[in-house]
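Have a look; sequence and predicted model below, questions after that.
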Amino acid sequence: MTKLSVNINKIATIRNARGGNIPDVKLAAINCQKFGADGITVHPRPDERHIRFSDVYEIRPVIITEFNIEGNPGKRFTELVLDVKPHQVTLVPDAHDAITSNSGWDTRRHLSFLKDKAAQFREAGIRTSVFVDPDPVAVEYAALAGADRVELYTEPYARHYLSDRDKAVEPYVIAAEAARDLGLGVNAGHDLSLENLRYFSGRIPFLAEVSIGHALISDALYYGLENTIMMYKRLLTP
C-alpha cells in the first residue's frame, strides 16, 4: 500500500502566527504517527516562516515511522540533513521567496549539482528523492544524478482534475512508468486531497509514498486529526 507521510508545516504556521508553542509541533508529529501516518514530512525554508530548523532537531527523536525532510539543498539545509540523518531527503528547487513549491527540477540543466548532492546524502545513508514535473526526461536525468526516487509534482494534476481527470493524470502515469523502468521509486505530492487522491493512486498502483500537508491539516479542522488521517489512508487502500 502507498504510504502516507503527513507534512506538518501548517501546524508550525499556526504556531508562528501567535508565538509561543501552541499548537505544539512536536506533539503533532507524535500524534500523526499514533493516528496512523506512515511518516512525517517537514520543509524548512531559509526564513523559517513555518517549520524552524530547531523544530527539525526536536522532532527527530520522536519519529518512529519515517522522517522526510524536503527543501532546496543549499549549504544550511544540507548541513541540517547530514546532521539529523532523516530516512529520506527530498530535493526541491523552491526559491527563497516562493509561497510554496511551484515546479520540479530541470534535472538535465542541474545534473552536476544534483549528482553531487545525491552522492553526499547516499554516503550518509539517506535515501534521496528529487522533485520533478511529470516529464520522462526529468525522470531520466534524476536517475543519472543518482536519485533513489522521484517525487512527482502534482499541483497541475489537482488543478485539472475536475475538468478532465483522465487527461490530468496521463502524464503522471507515463512519468511514473518511466521511473519504474529506470529502477526509481515513485513518490508524489502537492495539492493532493480527499477529492483527488484515490484516482491518482489507483492509476499508479506502485506509488511508494504521498506527502500531504495543506489539504490534510485543513481537513483536520473539520474532521479531527485522527479521523482525517484515517480518511486519507483509506483512499490509499487498493
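Received it, and whenever you're ready, just let me know what you need.

which residues are contacting the longest helix anywhere in the chain?
Secondary structure of the chain per DSSP state H: the longest helix is helix 165-181. Applying C-beta atoms under 8 Å, 6 or more residues apart in numbering, the contact partners of helix 165-181 are 132-136, 138-140, 142-143, 149-150, 152, 154, 156-157, 159-161, 185-186, 188, 196, 199-200, 203-204, 206-207. Placement of C-beta: from N, CA and C, glycine included.

Just the buried positions in that helix, please.
Of the residues in helix 165-181, Ala168, Val169, Pro171, Tyr172, Ala175, Ala176, Ala178, Ala179 count as buried by neighbour count, 16 or more other C-beta atoms under 10 Å.

Also stretch 60-71?
Those buried within stretch 60-71 under the rule 16+ other C-beta under 10 Å are Arg60, Ile63, Thr65, Glu66, Phe67, Asn68, Ile69, Glu70, Gly71.

now stretch 134-150
In terms of neighbour count (16+ other C-beta under 10 Å), stretch 134-150 has its buried residues at 134-136, 138-143, 145-150.

Can you tell me which of those residues is closest to Lys26?
Arg149 (26.7 Å; C-beta to C-beta).

While we're on the closest residue to Arg60 other than its chain neighbours, how confident is the model there?
Nearest non-adjacent residue to Arg60, counting by C-beta to C-beta, 6 or more residues apart in numbering: Val84, 5.2 Å away. Val84 is assigned 98 on the pLDDT scale.

What's the separation between Val84 and Ile126?
Val84 is 9 Å from Ile126, where distance means C-beta to C-beta, to the nearest Å.

go on, Arg76?
According to C-beta to C-beta, Arg76 stands 16 Å off from Ile126.

Between the two, which has more neighbouring residues?
Ile126 (20 against 12; other C-beta atoms under 10 Å).

which residues touch the more buried one?
Val81, Leu82, Lys85, Pro86, His87, Gln88, Val89.

In strands, which of those residues appear?
Gln88, Val89 (DSSP state E).

By neighbours, which of the contacts of Ile126 wins?
Greatest neighbour count in these, by other C-beta under 10 Å, goes to Val89: 30 neighbours.

List the residues that contact that one.
For Val89, the contacting residues are Asn68, Ile69, Glu70, Pro73, Val81, Phe121, Ile126, Arg127, Thr128, Ser129, by C-beta under 8 Å, 6+ apart.

ok, of those residues, which one's closest to Tyr232?
Using C-beta to C-beta, Asn68 is the member of the contacts of Val89 that sits closest to Tyr232, with 15.8 Å.

measure that closest one to Ala147 for me?
For Asn68, the distance to Ala147 (C-beta to C-beta) stands at 14 Å.

Over to Thr237?
Applying C-beta to C-beta, the value for Thr237 to Ala147 is 28 Å.

what about the helices in this structure?
Using DSSP H, the helices of the chain run over 9-18, 25-34, 53-59, 75-84, 111-123, 136-144, 155-160, 165-181, 197-203, 214-223, 225-235.
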